[in-house]
Each structure stands twice: as structure tokens, then as C-alpha cells.
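Trainee: quick one, structure for this:
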Amino acid sequence: MRWLKFTASGKTSWGIIEGDQVIAVEGDPFSEWRRTSRTHPLDEVKIELPLIPRTFYCVGLNYLKHLKEAADKAGTVPAVPDRPEIGYRAQNALIAHDEDVVIPAIATEKIHYEGELVVVIGKKVKHLTEANAMACVFGYTIGNDVSERSWQKADRSLWRSKNADTFKPMGPWIETDADLARMETIVRVNGRETNRFRTNDMIFGVVPFLVELTKYFTLWPGDVIWMGTDGASPDIKHDDVVEIEISGVGTLRNRFVREGR
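Mentor: Numbering: from 1, shown residues only. Here you go, the predicted structure:
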């Protein structure tokens with residue numbers, strides 16, 4: 001099932017996508033809901049953020065190629081993690097499919113994307129095991145982890161390099177039936193493919209992260225976990241359009257614009 005948050009005729013609601021139509025839903029997918037008789041063509045609605053997470057988790061270096069490229073740029077030896085580790089991102093940075101990423105006027109040219117699988121949690125859980133971890137996964141969406149790399153190097157934390165307004169596009173919807181083992185991530189800039197990798201070729205997959213996280217934290221319906229990326233990004237410029245496609249999930253598209261242009 002494909003869940004969409006959308007606005008049509010001035011009203012924002014949840015919906016289910018069937019073919020090229022959106023069926024409006026009363027309620028939400030994490031509790032009680034029912035279909036209504038209201039339908040809209042998908043290409044005529046405004047696609048909103050699929051959700052605003054209670055907690056926004058984000059995995060760092062979780063693919064070997066990305067890890068090696070980061071180490072090469074730093075002139076260091078790649079240090080492969082020996083356990084799953086997680087960080088956080090800020091809700092203020094979230095924007096929806098087809099909304100603009102605004103590059104701050106004071107930013108350098110080192111603006112990069114990262115195409116990421118986003119795991120959406122469907123129920124309250126703690127102390128998961130490898131055997132039951134996937135039962136809490138409601139579905140998947142797509143994230144673009146935008147970074148200002150010069151700020152990332154200069155600061156002791158990622159407060160502005162990762163979390164500036166609009167730096168976290170997410171969407172366009174939540175797919176509940178996608179097969180993790182079959183997923184491929186494809187990134188295009190202005191229609192030209194710049195990166196392609198098997199989505200599930202992670203150092204630590206979804207299950208190890210769910211198990212590790214829930215040793216310490218309670219996961220809640222609507223929490224999200226961004227799972228990291230592979231490969232490297234070119235410098236993104238004003239008016240570039242980045243599309244991130246994950247097979248079985250969809251395509252997230254956003255234009256980059258420099259503030260004041």
C-alpha cells in the first residue's frame with residue numbers, strides 16, 4: 001500500500017495511491033482509518049511531507065564505498081564501524097517532494113546530496129530482537145541528506161552543515177510493500193545518472209540498527225531512520241534538480257536554489 005499526505009482543494013489529509021488516483025482517508029495509517037469517497041488525480045494534488053517524525057534518526061557511514069571515499073578525501077585509512085551507531089537530524093530541515101532546497105547565501109560551493117532509504121516505524125517498541133525487529137517497520141520512503149561540506153569540516157558538530165532549513169527533503173510517500181532485498185538506489189542530477197547502488201548493501205542493515213536502537217530508546221509510530229548512502233556527490237549548483245529513485249518505493253525530486261538568486 002502506498003500512503004500519501006496531500007493537499008487538494010485547500011484541505012490536507014492522508015490518502016492511498018491506487019494507479020494514478022489518490023483516495024482520501026479519514027484518520028491516519030498509524031491508528032484507525034477508513035477510505036472516503038473523495039478521489040483526486042495524483043498529478044493534480046500537492047504532495048506534502050509524508051510525516052513529521054517524533055524522533056528523526058540518521059545513520060552516518062553505512063556503506064563501504066562511501067566510507068572509503070570519505071577517508072580518501074581526508075587522507076586517512078578507512079575505519080569500518082564495528083557496531084551500529086546513530087545520530088539525529090532536525091525537523092526544521094525537512095521539506096517535501098518538489099519543494100526547493102535553499103542554499104544559504106553564505107554557503108560555499110561544497111553542497112552535496114546523499115540519496116538514502118528511510119525506514120518508517122509503525123508501532124511503539126523497545127528491546128527488539130533479530131527475530132522480531134522487522135515487525136515494527138511500517139514502510140519506506142526516500143531522503144536526500146543535503147550537506148554543506150566546508151561547514152561540516154569546520155564545526156565540532158553537524159548543527160548547520162546537515163540541519164540548515166530545507167536540507168532534508170523526504171518523500172514523496174510511504175510504501176508499505178517494498179522488498180528491501182530487491183531495492184536499487186539511483187540518483188540523477190538534471191536527468192543524468194550520477195550514482196547507482198544496491199540499497200541493501202549496507203555495513204549494518206535495518207535489523208541490526210533496530211535491535212541496537214531499542215536497547216536504549218523507545219521507538220514510536222512515525223519515527224524515521226535514514227539509513228545512509230553509498231558513493232559520492234558532485235558539487236550541486238543553483239537550479240540543479242536532484243532525483244533519488246529507490247525501486248519499489250518511488251522517486252524524490254527537488255530543485256536546488258541559492259538564496260537571493
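
Trainee: averaged pLDDT, the helix or strand where residue 34 lies. What do you get?
Mentor: Per DSSP states H and E, residue 34 falls inside strand 33-41. Averaging pLDDT along strand 33-41 yields 97.

Trainee: C-alpha coordinates for it, PDB please?
Mentor: In PDB, the C-alpha atoms belonging to strand 33-41 read as follows (Å, rounded to 0.1, in the frame of the first residue of the first chain):
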ATOM      1  CA  TRP A  33      -8.700   5.000   9.400                       C
ATOM      2  CA  ARG A  34     -11.200   4.500   6.700                       C
ATOM      3  CA  ARG A  35     -11.500   5.300   3.000                       C
ATOM      4  CA  THR A  36     -13.700   8.100   1.800                       C
ATOM      5  CA  SER A  37     -15.500   8.700  -1.500                       C
ATOM      6  CA  ARG A  38     -13.200  11.600  -2.300                       C
ATOM      7  CA  THR A  39     -10.700  10.900  -5.100                       C
ATOM      8  CA  HIS A  40      -8.200  13.100  -6.900                       C
ATOM      9  CA  PRO A  41      -5.800  12.600  -9.800                       C
END
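
Trainee: what pairs with that strand, and is each one parallel or antiparallel?
Mentor: Next to strand 33-41 in the sheet, as set by DSSP bridges, lie strand 21-27 (antiparallel).

Trainee: which of the residues in the partner strand are buried?
Mentor: Residues of strand 21-27 classed as buried: 22-25 (neighbour count, 16 or more other C-beta atoms under 10 Å). Bear in mind the C-beta positions are built from the backbone N, C-alpha and C, glycine included.

Trainee: how far is that strand from where the chain is centred?
Mentor: Relative to the centre of its chain, strand 21-27 is centred 23 Å away, using C-alpha atoms, centre = their mean, to the nearest Å.

Trainee: can I get that strand in CSV? Just the C-alpha atoms.
Mentor: The C-alpha atoms that make up strand 21-27 are tabulated as CSV, following Å, rounded to 0.1, in the frame of the first residue of the first chain:
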residue,chain,number,x,y,z
GLN,A,21,-5.6,8.3,-8.3
VAL,A,22,-5.4,9.4,-4.7
ILE,A,23,-8.2,8.1,-2.4
ALA,A,24,-8.7,10.4,0.6
VAL,A,25,-8.6,8.7,4.0
GLU,A,26,-10.1,9.8,7.3
GLY,A,27,-7.7,9.1,10.2
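
Trainee: any chance you could map the strands in the stretch 101-250 of the chain?
Mentor: Taking DSSP state E, counting those that start in this stretch as the test, the strands found in the stretch 101-250 of the chain are 101-103, 111-112, 115-121, 137-144, 147-148, 168-175, 184-189, 192-198, 224-226, 241-246, 250-258.

Trainee: what does the last one contact?
Mentor: Contact with strand 250-258 is made by 2, 95, 97-103, 105, 107, 111, 141-144, 169-173, 175, 236-245, as judged by C-beta atoms under 8 Å, 6 or more residues apart in numbering.

Trainee: quickly run through the sheet partners of that strand, with directions.
Mentor: Partner strands and pairing direction for strand 250-258 (DSSP bridges) are strand 101-103 (parallel), strand 241-246 (antiparallel).

Trainee: show me the domain layout of this structure.
Mentor: 1-48, 50-258 (automatic domain parsing).

Trainee: end to end on the longest one, go ahead and measure it.
Mentor: One end of domain 50-258 sits 25 Å from the other (C-alpha to C-alpha, to the nearest Å).

Trainee: helices of the stretch 51-200 of the chain, start to end?
Mentor: 64-74, 149-154 (DSSP state H, counting those that start in this stretch).

Trainee: now the shortest one: how far from the chain's centre is it?
Mentor: Okay, so that is helix 149-154. Offset of helix 149-154 from its chain centre (C-alpha atoms, centre = their mean): 21 Å.

Trainee: export that helix to PDB, keeping only CA atoms.
Mentor: Extracted in PDB, the C-alpha atoms of helix 149-154 (Å, rounded to 0.1, in the frame of the first residue of the first chain):
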ATOM      1  CA  ARG A 149      30.900  20.200   3.500                       C
ATOM      2  CA  SER A 150      33.000  23.100   4.400                       C
ATOM      3  CA  TRP A 151      30.800  23.700   7.500                       C
ATOM      4  CA  GLN A 152      30.900  20.000   8.200                       C
ATOM      5  CA  LYS A 153      34.800  20.200   8.400                       C
ATOM      6  CA  ALA A 154      34.900  23.500  10.300                       C
END
